[in-house]
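S.K.: Build me a model:
(one chain, ligands or ions: 1)
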Amino acid sequence: MTEKLKYKNIFLIGFMGAGKTTVGQVLAEKIGYRCVDPDQVLEEKAGSTISTIFSEYGEDYFRDLESKTLESISAGSGQVIATGGGVVIKDRNWDTMKEAGLTVYLKAPIEVLYERIKDSTHRPLLQVENPLERARELLENREHLYQKADLIIDSEKLSVTEVADELLKILNY
Ligand code: S3P
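M.R.: Model prediction:
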């Protein structure tokens with residue numbers, strides 16, 4: 001079979017609620033890659049949830065595990081990797097991702113993202129008094145980092161399948 005994609009991995013990046021996991025699953029299916037969720041791998045390995053890791057050991061500890069998990073997954077190939085929203089804050093993670101594949105930012109406005117995440121209880125960063133303000137602030141601080149991606153897809157008005165198709169169109173797949 002001729003190889004249709006020159007990237008050994010595709011990293012989906014973006015804020016919480018951007019649809020990285022759902023798009024990742026559809027995309028992986030279309031191109032015959034595996035969809036991998038580093039947060040899920042991390043939780044399985046740690047035998048603990050991200051919320052518990054945050055509350056017991058703090059965010060820095062989580063970020064370190066996150067980087068190590070990303071590194072170990074990125075050694076593989078044929079994967080769509082649906083990263084956690086905060087992966088972009090470390091240069092180390094960019095080195096890992098740029099070395100191991102293509103980075104794609106799934107972009108959407110905060111109002112749309114917040115609608116999707118407002119009721120979630122498993123995102124420790126949003127367990128605060130004013131989660132919308134917190135989310136807005138986090139996105140503002142991170143936007144310039146997400147923009148470092150190789151490709152940006154504006155996913156606001158697109159369905160999950162349309163986002164995957166749009167990406168494949170850009171890649172001439
Ligand atoms: C985080 C996003 C989460 C998870 C953790 C921290 C972030 O992943 O990694 O709660 O810093 O934005 P999702 O983007 O999959 O929700």
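S.K.: C-alpha only now, for contacts and for neighbours.
M.R.: Fine.
S.K.: Show me which residues of the protein are close to the ligand?
M.R.: Phe15, Met16, Asp39, Gly84, Gly85, Gly86, Arg123, Pro124 (C-alpha under 6 Å from any ligand atom).
S.K.: now do 8 Å
M.R.: 14-18, 20-21, 39, 50-51, 66, 82-87, 122-125, 138 (C-alpha under 8 Å from any ligand atom).
S.K.: My read is that Ala108 contacts Ala18, right?
M.R.: Yes: using C-alpha atoms under 8 Å, Ala108 is in contact with Ala18, at 6.6 Å.
S.K.: if I look at Ser67, how far off is the ligand?
M.R.: For Ser67, the distance to the ligand (C-alpha to the nearest ligand atom, to the nearest Å) stands at 11 Å.
S.K.: Phe11 now?
M.R.: Applying C-alpha to the nearest ligand atom, the value for Phe11 to the ligand is 12 Å.
S.K.: how would you label that residue: helix, strand or coil?
M.R.: strand (DSSP: H, G, I helix; E, B strand; the rest coil).
S.K.: Is it in contact with Val104, as I believe?
M.R.: Yes: counting by C-alpha under 8 Å, Phe11 does reach Val104; the two are 6.1 Å apart.
S.K.: What segments of this protein are helices?
M.R.: 20-31, 38-46, 50-57, 59-74, 91-100, 110-117, 131-146, 160-170 (DSSP state H).
S.K.: what angle separates the last one from helix 20-31?
M.R.: Using axes from the mean of the first three to the mean of the last three C-alpha atoms, to 10 degrees, one finds that helix 160-170 and helix 20-31 are set 60 degrees apart in direction.
S.K.: still on that earlier bit, so what sits against both of Ala108 and Ala18?
M.R.: Applying C-alpha atoms under 8 Å, 6 or more residues apart in numbering, one finds that Ala108 and Ala18 are jointly contacted by Ser155.
S.K.: Between these two, tell me which one has more neighbours.
M.R.: Ala18 (25 against 19; other C-alpha atoms under 10 Å).
S.K.: measure the closest residue to Val23 other than its chain neighbours to Lys148 for me?
M.R.: In space, Val23 comes closest to Val160 once its chain neighbours are excluded; the distance is 5.3 Å by C-alpha to C-alpha, 6 or more residues apart in numbering. Note on Val160: its distance to Lys148, by C-alpha to C-alpha, to the nearest Å, is 22 Å.
S.K.: which one of those two has more residues nearby?
M.R.: Neighbour tally, Val160 and Lys148, criterion other C-alpha under 10 Å: the higher count belongs to Val160, 19 against 14.
S.K.: Quick check, the more buried one in contact with Gly19.
M.R.: Yes: between Val160 and Gly19 there is a contact under C-alpha under 8 Å: 7.4 Å.
S.K.: Right, I'll call it a day here.
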